[in-house]
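> Predicted model follows, preceded by the sequence.
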Protein chains: 2
Amino acid sequence: MQRPFNFSAGPAAIPLEVLERAASEMTNWHNTGMSVMEMSHRGQAFMSILAKAQADLRQLLAIPDHFKVLFMQGGGIAENAIVPLNLSRGGEVDFVLSGTWSQKSLKEAGKYAHTHVAASSEATHFDHLPDPAQWQLSKSAAYVHLCSNETIHGVECHELPDLNALGSPAPLVIDFSSHVLSRPVDWSRVGLAFGGAQKNIGPAGLTLVVVREDLLGQALQVCPSAFNYELVAKNDSMFNTPPTYGIYLAGLIFEWALAQCEGHLAGIAALEQRNIHKAQLLYDVIDRSELYVNPVHVANRSRMNVPFFLRGDDGKPLLEATQPRNAAFLKAAEQSGLLQLKGHKSVGGMRASIYNAMPMQGVQALVSFLQDFEQHHA
Amino acid sequence: MQRPFNFSAGPAAIPLEVLERAASEMTNWHNTGMSVMEMSHRGQAFMSILAKAQADLRQLLAIPDHFKVLFMQGGGIAENAIVPLNLSRGGEVDFVLSGTWSQKSLKEAGKYAHTHVAASSEATHFDHLPDPAQWQLSKSAAYVHLCSNETIHGVECHELPDLNALGSPAPLVIDFSSHVLSRPVDWSRVGLAFGGAQKNIGPAGLTLVVVREDLLGQALQVCPSAFNYELVAKNDSMFNTPPTYGIYLAGLIFEWALAQCEGHLAGIAALEQRNIHKAQLLYDVIDRSELYVNPVHVANRSRMNVPFFLRGDDGKPLLEATQPRNAAFLKAAEQSGLLQLKGHKSVGGMRASIYNAMPMQGVQALVSFLQDFEQHHA
């Protein structure tokens, strides 16, 4: 039986070969007689797993030596507090609003800092990323927050802004939860990047933080020690017991990612190439159809999260999942082995998340289904 | 080949049948075509896993309806901040010090509250639990903190104090990380209980909080939303994406625990009975020997964590793991399939953690080894 294709926005699909390897090592990792779950985090076996995961991630994303890699807990939503607790110094912070996630980050940061909206596309329902040339950056911001891929609205930043060139001396903080590992990162433009693991990295409950060393050591006094970047960095992600099994799984995924090839490309370059092709195929079919519509400006469309709507007979997008055409679509998709296509409840419609673990065949199967459904139902 | 016995203090042994079931369900949970790791946390499949885990835990520990069960992240060390952020109201908090963990909790709480040491056994190297009748409780404490099992020092509270009878109107907060599920809990004496999962519940990265409803809703303004008990409770542990795979594993362990029997006893009662016998067997051999010594007062000895020292030829406890007799002991133990017996670096010596997943045969194997080693090496 063919395994179904899982378009969940996160927790999301994991490469089958990674799951199979985890299953095969579940009761006895490398002849230690233990599951990875049963290992002391301070023992030799787990320390080797952690060290390899860190080294592979550094290689994959070409993370410079003056950045620390931290494995933490709490996901992106916890980081919405943890970032300002560590970096704001209680001063001003600039926010660029391009969807639900940057909005949530703004709201939480308001507990710890003076927040300032430098730009927003809310007036047009977050259908684009505000042009960096138009951002109203503060002179004294502790940092500038940008969600570099908005999972719900499907808006991606394809070239990180050079804040210095825009007149701001502040470091850029990116929430890259939903497109980390899908493309290279220009670290020369980043001060800190954070992401929940449950899209491209591994199981929910693991959080990745990559932070420039000079930004450590300025946490507010009320920052919980377990979430103080400086303490976490000094203790090599072992200030508290880390989510050991999640780190192990992430390590398997890093190994898988390093081994990917597309023609002469390898690793992240290969994944990026594949992701460009997958997204192009899907957006092309949506744009050419009469039935489907994606509202995002072409230049800002996400390669990872493709929200789309079915139109009603009046041509208007159908929002509610319970609407008969939407319900028929979701039922037929599931019967065709295409799972978890329902859009986020806050925007409605559909969403296909096509992370690294979604193979080209999965997108091809979705595209065929979209075309068939349009022929038969519209 | 016999699987070795793993005496790690945490992350710790997990029942083999639980690991085998997790492995068998890894790529396809209940014919959904998905791993549990790949499921949206808001989908029907995962929601059913969460609901069953909660219900089974409530049954196991007989948790009354006016307590909320929260699945969180960050472990006990994060809770050292999260508890005072939620319960202290910035006022006074009483601490009972009986080992390293209560000391750590005290230190972290000092960021958010006025801490007061009501009792301490530090002067005698945490060799006992201070007698509740002697605790100097404040009149106006927001809560009283007690670590009901000190993992490093091996000190357990075998009967939770009745704070009301001791003259304090404050709720009791217990850190039950390292003996949760090993025995029943008298909820009439508890306001809040918290614990990292990685001893008796499941993989590291999951944190259990059981909190009386009337204690919700008083968090400090600086409490991160992801760690605000009221928000977590209102959202049924889904305010942020929960550690889904950890919850699944915990659910398998709750099922396993419910199915345990000893004579006419079942569930927690059976586990408690077995744990009493396991601990008795081990302490008896230690107490009868010339070579081994456990320094804890008999009435406060932990059923879960049994620290012990080998004596040198002068009769004094040998602390350093590198000391030849200790090194020989650890090497011979490992060769006999008895793993992770080294004591915590802060106290030295040895420690056998005999959580629920350690079968009686494992303790019998350890006891035989202790006797053999004493005969041949002392």
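Here it is on my side, so go on.

> Specify the local secondary structure of the spatially most central residue of chain A.
The centre of chain A sits closest to residue A:178, judged by C-alpha atoms, centre = their mean, with a distance of 1.3 Å. Secondary structure assignment for residue A:178 (DSSP: H, G, I helix; E, B strand; the rest coil): coil.

> Make sure residue A:115 is indeed in a helix.
No. Counting by three-state DSSP, residue A:115 is not found in a helix; it is strand.

> what's residue A:128 sitting at in phi/psi?
Recorded main-chain torsions at residue A:128 are phi -160, psi 170, according to degrees, to the nearest 10.

> OK, contacts around it?
A:98, A:121, A:155, A:296, A:297, A:299, A:300 (C-beta atoms under 8 Å, 6 or more residues apart in numbering or on different chains). For the C-beta atoms, the positions are set from N, CA and C on the backbone; glycine is no exception.

> can we see that at 6 Å?
Residues near residue A:128 by C-beta atoms under 6 Å, 6 or more residues apart in numbering or on different chains: A:121, A:297, A:300.

> tally of neighbours for residue A:284?
By other C-beta atoms under 10 Å in any protein chain shown, 11 other residues sit near residue A:284.

> I'd like to know which elements the longest helix that chain A contains is packed against.
The longest helix of chain A (DSSP state H) is helix A:267-288. With contacts taken as 3 or more C-beta pairs under 6 Å, 6 or more residues apart in numbering or on different chains; DSSP states H and E, helix A:267-288 sits against strand A:261-262, helix A:360-377.

> looking at these, which is closest to residue A:163?
Proximity to residue A:163, assessed across the helices and strands packed on helix A:267-288 by C-beta to C-beta, is greatest for strand A:261-262 (32.2 Å).

> what helices or strands is that closest one leaning on?
Packing contacts for strand A:261-262, counted by 3+ C-beta pairs under 6 Å, 6+ apart, involve helix A:267-288.

> Residues touching the helix it packs on, excluding its own?
With contacts defined as C-beta under 6 Å, 6+ apart, helix A:267-288 is touched by A:60, A:182-184, A:258, A:260-262, A:265, A:292, A:294, A:303, A:306, A:308, A:354, A:356, A:360, A:363, A:367, A:370.

> give me that answer again for 7 Å
A:60-61, A:181-184, A:257-258, A:260-262, A:265, A:292-294, A:301, A:303, A:306, A:308, A:352, A:354, A:356, A:358, A:360, A:363, A:366-367, A:370-371 (C-beta atoms under 7 Å, 6 or more residues apart in numbering or on different chains).

> for that helix, the distance to its chain's centre please.
How far helix A:267-288 lies from its chain's middle: 16 Å, per C-alpha atoms, centre = their mean, to the nearest Å.

> swap in stretch A:168-182?
On the basis of C-alpha atoms, centre = their mean, stretch A:168-182 is displaced by 10 Å from the centre of the chain it belongs to.

> buried stuff in it?
For stretch A:168-182, a neighbour-count test (16 or more other C-beta atoms under 10 Å in any protein chain shown) marks A:168, A:170-182 as buried.

> Can you name the residues of the stretch 201-350 of chain A that neighbour chain B?
Counting by C-beta under 7 Å from any C-beta of the partner chain, the stretch 201-350 of chain A comes close to chain B at A:203-205, A:221-222, A:224-226, A:239-246, A:339-340.

> what about the helices in the stretch 101-250 of chain A?
Along the stretch 101-250 of chain A, the segments classed as helices by DSSP state H, counting those that start in this stretch run A:229-234, A:244-258.

> Report all helices and strands that the shortest one contacts.
The reference is to helix A:229-234. strand A:67-72 (3 or more C-beta pairs under 7 Å, 6 or more residues apart in numbering or on different chains; DSSP states H and E).

> What average pLDDT does the strand it packs on get?
Averaged across strand A:67-72, the pLDDT comes to 98.

> That strand: how far from the chain's middle?
16 Å.

> Likewise for stretch A:262-282?
Centre-to-centre, stretch A:262-282 and its host chain are 17 Å apart (C-alpha atoms, centre = their mean).

> For residue A:352, give its distance to chain B.
The spacing between residue A:352 and chain B, counted by C-beta to the nearest C-beta, to the nearest Å, is 13 Å.

> Which residue is the nearest non-sequential neighbour of the residue in the stretch 251-378 of chain A positioned nearest to chain B?
Relative to chain B, the nearest point of the stretch 251-378 of chain A is residue A:340 (5.6 Å; C-beta to the nearest C-beta). Once flanking residues are discounted, residue A:340 sits nearest to residue A:8: 3.9 Å by C-beta to C-beta, 6 or more residues apart in numbering or on different chains.

> these two touch, right, the one you found and residue B:41?
No. Assessed by C-beta atoms under 7 Å, residue A:8 is found out of contact with residue B:41, at 9.4 Å.

> which one of those two has more residues nearby?
With neighbours defined as other C-beta under 10 Å, residue A:8 and residue B:41 compare such that residue A:8 has more, 24 against 21.

> ok, back up a step: rebuild the helices of the stretch 101-250 of chain A as JSON lines, extending it with mean pLDDT, distance to residue A:125 and mean neighbour count.
Formatted as JSON lines, the helices of the stretch 101-250 of chain A follow (pLDDT from 0 to 100; distance: least, C-beta to C-beta, whole Å; neighbours: other C-beta atoms under 10 Å in any protein chain shown):
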{"stretch": "helix A:229-234", "mean pLDDT": "98", "distance to residue A:125": "34", "mean neighbour count": "19"}
{"stretch": "helix A:244-258", "mean pLDDT": "98", "distance to residue A:125": "34", "mean neighbour count": "24"}
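
> can you put these in TSV and add distance to residue B:312?
Below are the helices of the stretch 101-250 of chain A laid out as TSV (distance: least, C-beta to C-beta, whole Å):
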stretch	distance to residue B:312
helix A:229-234	35
helix A:244-258	35
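
> picking that back up, quick one: contacts for the residue of the stretch 251-378 of chain A closest to chain B?
Residue A:340 makes contact with A:6, A:7, A:8, B:40, B:43 under the criterion C-beta under 7 Å, 6+ apart.

> tell me the pLDDT at the second one?
In this case it means residue A:7. pLDDT, residue A:7: 97.
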